[in-house]
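*Asks:* Here you go, sequence then predicted model.
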Amino acid sequence: MTTTETTETTRSSPKQADDRFINRHASLMPTFAALGVLVVLLVAAQLYFGDFVSPGNMSALLLDNAYLMVIAVGMTFVILTAGIDLSVGSVMAFTGILLASLLGRGMPAAVAVPVILLAGAVIGLLIGILVQYFDVQPFIASLAGLFLARGLAFVVSLKSIRVDDPSVLWLQSTRFQVGDWYITPTGIIALLAVGIGAFVLQYTRFGRTVYAIGGNEQSARLMGLKVARTKVFVYLVSGSLAGLAGLILTAYSGAGYPRNGIGTELDAIAAVVIGGTLLSGGRGYVLGSMIGVLVYGTIKTVISFLGAEQAWMQIIVGGLLLLFILIQRFIVSRSERRE
Amino acid sequence: MGVVKHRLFWPIAALLTLVVVNTLSRPQFIKVTVRDGQLYGALIDILRNSAPLMLVALGMTIVIATRGIDLSVGAVMAVSGAVALTIIHDSGNPDNLGTVVSAVVVALLVALVLGSWNGMLIAVLGIQPIIATLVLMLAGRGVALLITEGFITTVNSGPFEYIATGYLLILPFAFLISLTAILLIGAFERRTALGMLTEAVGINPEASRLAGVRSRGIIFSVYVVSGLMAGIAGIIYSSNIRAADANAAGLFIELYAILAVVLGGTSLQGGKFSIAGTVIGVLIIQTLNSTILFLGVPSAQSPVFFALVVVLVVIVQSPRVRQLGRRPRGATGSDGTADKPAKAEVGA
């Protein structure tokens, strides 16, 4: 058996070897494709503008999209279980305005920040409980979360609230510099979220259970995995990270605003899908989502460099989303045919 | 007992409760006055203002019946409003009836194209509905912004304003549009075999295909209908505010439409659907909205109430709670009665 296999391998043409590589790593392919798109975008922008890939620009890319990156990490967890969390944009707005309001009333940041993270976590927990224990579809449960958080944001304040707290502003204004490169504490938080998220998904029992649920929930349950607990927990993670994004966005804009983050959930879903995570669950990577966010951020920067209408942003992101869905569809149907 | 078990019992009860509560707190709520042979009053306003949501929710109902979802309706509304208003605005003769009619026709054709685009992605390419329509949801508003060149186009056009604010005979024209849509869709889905086929596709696409149902054609056409409905809704919306606002038109309407469908007892899992249920669901949402406004709550905060309604409804409908409710009643043949409302439903 072994000998025939080896002879076949040696005889196979390079094209077949390529095919085999693609099949073996089918779930990685969309992520590679996203990386390819990112590189092409950066190279093309560099050639067109001359100084696009500069340390300043690249550092700003992380800074401007830190909040979206944090949200995308949580969204990846949820989508991997074949769920969806529509509430993240509203939760970010709610925690952001809550933070600004609490600080404005003289609460120290050391208390206010944990409070808002907890608020995000509680909304996530509610969604998770609805999904797991009341058999509500994730779409509807998180829709309730979206309405709740958006309404609560306006209950906290109808107008924007400025933030003067030095420790919150420090997150944004501090720049650790290496040459022309810099990173802010918010950027570090975003990268930490990505790193920890990737580690948890890859190497912990919880993370592997997330993949197992997305692959086949029934099988995961029969294997004795803690399906119920894990499913509730992914929404808790997503809610908490959306709360964290509220902190980052408030630090970034120096104010809380109840209208923030309308449509951010769609941007996050788009970034996660572009990064190679399948909406049907079970396949995808946090690092891919990070690449998805960077693709999103790069397009945004290019459009503002061109001075073109921001309307193009929505059209291009929509088009890219379609492209990546088609790529994924092709890869999945191909690997299914081979099996 | 049989009445309580009917699928529409709880939605109707909720709607009546809202009407009663409103009437008790402000008696003029229930009053309908006749002025110049036209009906006025809070109830009439609810019927008139519910037209865009009603149209979108009707389209959403049959989409959901095929186990799909259409997130792009808000964006289609924005595009159709932008197309119609831009044509009227650029024509230089906004009060001409012919201009308005051709603008509306072009806008609806565009909406049909957008609906076909969704249908093609889902029925032909086999992409998940939620993600396929997400593409248009993201890109559609961008297209609408490009059409209006980033501005909020406003027009003063008598014939165009008539669509949302005018009266035909004694009733608001906008309500008559939604009534026509209800009757047409109801007739096609319930007086022909189409409704049964739609449900078959939603319950098991593969099995229905093997049984000879043209599931691909049915799936394609529900998205076309949904697009058209959203197009009409977009025209009514922009006629009401006399402007095409690419950012605000139809914002969140997909969520409210889905909520209306779910309130009406149609499951997001596809299959059985109820047009009557959706109509009641829309009226519940519109009445609740007017109640919240009456209470003096800023409209921006109203989502909190809707969140509570959603949570309440889904918990009541969830299998866990239903089991709790069933157990105390014991084994008095609850299985036998459970089938009856389902059969009665076909005629609804």
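*Replies:* Looks like it arrived, so ask away.
*Asks:* confidence score at residue 319?
*Replies:* Picked chain A for this. The predicted local confidence for A:Gly319 comes out at a pLDDT of 88.
*Asks:* wait, chain B
*Replies:* The per-residue pLDDT reported for B:Pro319 equals 74.
*Asks:* swap in the one 3 residues further on?
*Replies:* In the predicted model, B:Arg322 carries a pLDDT score of 71.
*Asks:* give me the number of residues near it?
*Replies:* Burial of B:Arg322, expressed as a neighbour count using other Cβ atoms under 10 Å in any protein chain shown, amounts to 11. All C-beta spots, glycine's among them, are computed from the backbone N, C-alpha and C.
*Asks:* Same check on A:Gly36?
*Replies:* Applying other Cβ under 10 Å, we find 11 other residues in the vicinity of A:Gly36.
*Asks:* Tell me the secondary structure at it.
*Replies:* Assigned by DSSP: H, G, I helix; E, B strand; the rest coil, the conformation of A:Gly36 is helix.
*Asks:* give the contact list for it.
*Replies:* Under the criterion of Cβ atoms under 8 Å, 6 or more residues apart in numbering or on different chains, the contact list for A:Gly36 is empty.
*Asks:* need the strands for the chain, in chain order.
*Replies:* By default, I'm working from chain A. A:161-162, A:176-178, A:181-183, A:255-256 (DSSP state E).
*Asks:* my bad, the chain I had in mind was chain B
*Replies:* Chain-ordered strands for chain B, with DSSP E as the definition, fall at B:33-35, B:38-40, B:153-154, B:167-168, B:171-172, B:243-244.
*Asks:* elements contacting the second one?
*Replies:* Meaning strand B:38-40. For strand B:38-40, the contact count by 3 or more Cβ pairs under 8 Å, 6 or more residues apart in numbering or on different chains; DSSP states H and E identifies strand B:33-35 as packing neighbours.
*Asks:* Direction included, what does the strand it packs on pair up with?
*Replies:* strand B:38-40 (antiparallel) (DSSP bridges).
*Asks:* Convert stretch A:100-111 to CSV, retaining C-alpha atoms only.
*Replies:* This file holds the C-alpha atoms of stretch A:100-111, laid out as CSV (Å, rounded to 0.1, in the frame of the first residue of the first chain):
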residue,chain,number,x,y,z
ALA,A,100,-18.2,58.6,28.2
SER,A,101,-21.3,59.1,30.5
LEU,A,102,-19.8,57.3,33.5
LEU,A,103,-16.5,59.2,33.2
GLY,A,104,-18.4,62.4,32.8
ARG,A,105,-20.1,61.7,36.1
GLY,A,106,-16.7,61.4,37.8
MET,A,107,-16.4,57.7,37.9
PRO,A,108,-12.7,56.7,37.7
ALA,A,109,-11.7,54.9,34.6
ALA,A,110,-10.5,51.9,36.6
VAL,A,111,-14.1,51.3,37.5
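*Asks:* List the buried residues of that stretch.
*Replies:* A:100-104, A:109 (16 or more other Cβ atoms under 10 Å in any protein chain shown).
*Asks:* Ok, stretch A:251-259 next?
*Replies:* Within stretch A:251-259, the residues scored as buried using 16+ other Cβ under 10 Å are A:251-253, A:255-258.
*Asks:* how much distance is there from it to the middle of the chain?
*Replies:* The chain centroid and the centroid of stretch A:251-259 are separated by 20 Å under Cα atoms, centre = their mean, to the nearest Å.
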